[in-house]
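Peer 1: Predicted model and sequence follow; I will ask about them next.
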Amino acid sequence: MKLELKGITKRFGALVANDHISLVVEPGEIHCLLGENGAGKSTLMNVLYGLYQADEGEILLDDVVQNFHGPGDAMAAGIGMVHQHFMLIPVFTVAENVMLGHEPTSFGGRLNMAKAREQVREISKRFGFDLDPDAIVGDLPVGVQQRVEIIKALSRDAKVLVFDEPTAVLTPQETDELMVIMKQLREAGTSIVFITHKLREVREVADTITVIRLGKVVGEASPTASNEELASMMVGRAIELTIEKGKAKLGEPALVVNKLSVIDPIGQLVVNNISFDVKEGEIVAIAGVQGNGQTELVEAIMGLQPKVTGEIALGGKSLVGRSVREVLDAGVGFVPEDRNEDGLVSEFTIAENLMLDRSTGEPFVKYGGLQLAVLADFAEEKLTEFDIRAQGIATHAGNLSGGNQQKVVLARELSRHLSLLVAAQPTRGLDVGSVEFVHTRIVEARDSGVPVLVVSTELDEVVALADRIAVMYRGGIVGIVPGDTPRDVLGLMMAGEMPTGGKAA
Amino acid sequence: MSSQTLHPSAGVALERTVVKNWKGPIALSIFAALSVLLFGVFARPGTSHFRLSTSTDFVQLPQLDVPTTLTGWILAIVTVLLAAWSVWIVSQSRRVPLWLTIGFAIVFMAGFLTWVAADALIPIPGLLIGAVSLSVPLIFGAMSGVISERSGVINIAIEGQLLFGAFASAVVASMTGSPWAGLVAAMVAGTLVSFALAAFAIKYIVDQIIVGVVLNVLVSGLTGFLYSKVLTENPGFLNTPPRFDRIDIPILGQIPIIGPVLFDQTIIVYFMYIVVAGVAYALFRTRWGLRTRSVGEHPQAADTVGIKVNLRRFWNVSLAGAIAGFGGAYFTLGSVGSFTKDMTAGAGFIALAAVIFGRWDPIRAMLAGLLFGFATNLQSVLGIIGSPVPSQFMLMLPYVVTIFAVAGLVGQSRPPANDGKPYIKS
């Protein structure tokens, strides 16, 4: 089926998310939509899928103008979507999820489960998936959940399949498998729209590439274009993809983690007996697919986990059993993985956010009263130093872009005297320009002798920053390897396998 | 590199450590100690009498007479053994099974009744019949809560729906002389209350708990005002509804003990059986149920497959209101016979507790409703035969049972993931 978008425009108030976007997806091709976070890719696809109504422009399928009022219409017309955040109900079985919305029923609306199971089996067989229709979706690994999403779309005879950032949650191996599935689908005649900001994947599968920036189509590229060319199209200026990083000047081991385990409320060992250390002036990156215990490890270090066994020591002093306040006072700087949830109070101003973790005493608090003048001077200074683009220090943090929000968090954490910096997913959801800035700051912190622990699910980021890499899988550390370890080795480790040939560091 | 490639998506679960949960054994031990003290050490002399049959049963079971002290000791020792067993089970890193807790509760209750009934007679059928009667509105309310919360709207307004149902059914049945018209009016009244809940919660995204509480107060005030200003002016015309008679189902109604309890009831109770079975079937076996649960668990996922989330929530909440209103009619057409101010007396909140205790499952919620009904009726039966426990404590009984049930014994109770969260399409 041929999909054509003509002059699609979508506005949210004053913001133009899509500005007259036009593109054509030919039958049986993989069409890549490349753009940074916030470029308007997802908005465009939500318009296509009927979740949003376009203000202007039209959607054509096989040259017939479509009028979608909801996802139901889009699905009926043959458009399927594999969402970035899976649209699956975790407590339902695979078959129930696949049948939802077009349930086969027998007398009196009774669900025909046998037929639904059969459909799941039939489609899984076609693509060589091994899926139990009665498995509860929440118990399945994310890679498998994504297949359920694909089956869900295919069970409705989707002729155009949209993949919205499908690789964000996958291991490199799962990503490779997904690429194979996408090619298989293309052979079967399905048109695919593949949304991503990862350049390597684009070049691997795309037949056509359309680059979007700030809601506009900036051009088409061929899959043979280099990473640098694609990146500069995406960002609109030349971009340094690798950051300059000198050799680490290692000092004494500062953070020492020994036989650490974290137990969650239902008794699962989310962190399972791990040991590592971070030396002064060194960046250790914790790599791994989301949900393999990295979050809990960081929370354990920060004093946010209740059930922790083992030893965490910073400069010889134990951090286990300490309150968050005591951990912060020990000189730990913390960039949380979800800045909107844990990093900032979006209803507070930039200035207020800059003193969030320093509300206990001088210089910002004296005799129980806020020292607003001191705070204002401090905030002005940081605004300039960290290049935070805002109208002023009184701007609410919630009104800033992701990149500027992260700069506020960094400014707060780096303005203290640190004995350890913990940065969890420091560039998640940031544009390429901000990523550059954050990375530079983290390397600067390292060069000033601060031990740095970076947790990231992005292999690019891990490779760019790390002096040593510890890979986590199912709560344990698979291995600790030097920063120049090849990606394919890291990829294997992220799937739980320690390559025997690799040398440990 | 090792030769065997690990399949990345092979579903190996995380390693587990055993977290021993001592909550159950501790609770059981406390109750066991209590039973030793009460039924054994402070035993009351005499003989306990239990009547097991009503006069119309097939088989007349003889009256059961047991020596109070001896029986008390025996049952107390059984509770101690059961508690010890639960301690052993947990020390073996297993969970205390549900049947053990239920068995313990039954033994404890038997011991308690024996102790109370020293030189007195407890009519077991009467106790149970009353328990079922009192639990009818609770169960209707709980079904209302289950449907509403499974679709993602917290229904605090059950109390208001019950009360308005009771009021409307009394007035309409009294005016028309037909209890059936009263039933219909009760459903309409319950639906009206839930329309208000649905409109504010779903359309205008007002906090659902606040809307629910406000609706309860509103209905209480409105019916109270109309009762004292209008109904009492002309009670003959407005507040003497005809009542449904009991219908004795042949054969089933003559089975000893459970016959009169379950099969010699008013038509409303028989409707209750149908409603509970219907809700349980519909929720888990039909298209309606699948979609309803999807809307309460993950509305966005439902939306992306073309289910109209808010419309579905609206109609499900309305249906829930109709069911609760129907249950409200039991107060006037099934038991009391006329409307009085605030006659539901918190039944809606107990129904809400039954929903949680029943883990949002219709059958379990019904059992929870029966338990609460039993506790309430036990208090009144014991009041009549003269209990050694002060009556103020007996009045607390249903609520104490509710708190213990909801707080301690439910274990891991997981509400629908989007219960109480409005769905706002961006």
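Peer 2: It's in. Quick caveat: nothing in here was measured; it's all calculated off a predicted structure.
Peer 1: what does the helix or strand containing B:L81 contact?
Peer 2: Counting by DSSP states H and E, the element that carries B:L81 is helix B:68-91. When contacts are defined by CB atoms under 8 Å, 6 or more residues apart in numbering or on different chains, helix B:68-91 is touched by residues B:20-22, B:24-25, B:28-29, B:31-32, B:35-36, B:38-40, B:43-48, B:95-97, B:100, B:103-104, B:107-108, B:110-111, B:114-115, B:117-119. Heads up, the C-betas are built off the backbone N, CA and C, glycines and all.
Peer 1: Buried ones only from these, please, as a ChimeraX command.
Peer 2: A single ChimeraX command selects the buried members of the contacts of helix B:68-91 (16 or more other CB atoms under 10 Å in any protein chain shown):
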select /B:24,25,28,29,31,32,35,36,38,39,40,43,44,48,96,100,104,107,108,110,111,114,115,117,118
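Peer 1: remind me which residues of the stretch 201-350 of chain A are low pLDDT?
Peer 2: A:238-242 (pLDDT under 70).
Peer 1: In it, what residue lies closest to chain B?
Peer 2: Going by CB to the nearest CB, chain B is nearest to A:G267 of the stretch 201-350 of chain A, at 4.0 Å.
Peer 1: Break the chain down into its domains, please.
Peer 2: You didn't pick a chain, so chain A it is. Structural domains assigned to chain A are A:3-235, A:243-330+A:455-505, following automatic domain parsing.
Peer 1: my question was about chain B
Peer 2: With domains defined by automatic domain parsing, chain B comprises B:23-118, B:138-371.
Peer 1: and these as TSV, adding mean pLDDT?
Peer 2: Formatted as TSV, the domains of chain B follow (pLDDT from 0 to 100):
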stretch	mean pLDDT
domain B:23-118	85
domain B:138-371	92
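Peer 1: What parts of the stretch 1-150 of chain A come near chain B?
Peer 2: Proximity of the stretch 1-150 of chain A to chain B, by CB under 8 Å from any CB of the partner chain, involves residues A:49, A:51, A:70-73, A:75, A:81, A:83, A:86-92, A:96-97, A:99-103, A:105, A:108-111, A:139-141, A:143-144.
Peer 1: From the residues you listed, list just the buried residues.
Peer 2: Judged by 16+ other CB under 10 Å, buried ones among the residues of the stretch 1-150 of chain A next to chain B: A:49, A:51, A:70-72, A:75, A:81, A:83, A:86-92, A:96-97, A:99-103, A:111, A:140-141, A:143-144.
Peer 1: So what's the residue count around B:W315?
Peer 2: The number of residues packed near B:W315 is 14, by other CB atoms under 10 Å in any protein chain shown.
Peer 1: do the same with B:I258
Peer 2: 12.
Peer 1: And the nearest residue to it once chain neighbours are set aside, which helix or strand is it part of?
Peer 2: Closest residue to B:I258 apart from its sequence neighbours, by CB to CB, 6 or more residues apart in numbering or on different chains: B:L128 at 8.0 Å. Using DSSP H and E, B:L128 falls within helix B:124-150.
Peer 1: Return the distance of that helix from the chain's centre.
Peer 2: Relative to its chain's centre, helix B:124-150 lies at 5 Å (CA atoms, centre = their mean, to the nearest Å).
Peer 1: Alpha carbons of the helix or strand hosting A:E228, in PDB - could you do that?
Peer 2: Element membership for A:E228 (DSSP H and E) is helix A:227-235. What follows is helix A:227-235, C-alpha atoms only, in PDB (Å, rounded to 0.1, in the frame of the first residue of the first chain):
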ATOM      1  CA  ASN A 227      26.900   9.400  10.000                       C
ATOM      2  CA  GLU A 228      28.300  12.900  10.100                       C
ATOM      3  CA  GLU A 229      26.200  14.000   7.100                       C
ATOM      4  CA  LEU A 230      23.000  12.600   8.600                       C
ATOM      5  CA  ALA A 231      23.800  14.100  12.000                       C
ATOM      6  CA  SER A 232      24.400  17.600  10.600                       C
ATOM      7  CA  MET A 233      21.200  17.400   8.600                       C
ATOM      8  CA  MET A 234      19.400  16.400  11.800                       C
ATOM      9  CA  VAL A 235      20.800  19.100  13.900                       C
END
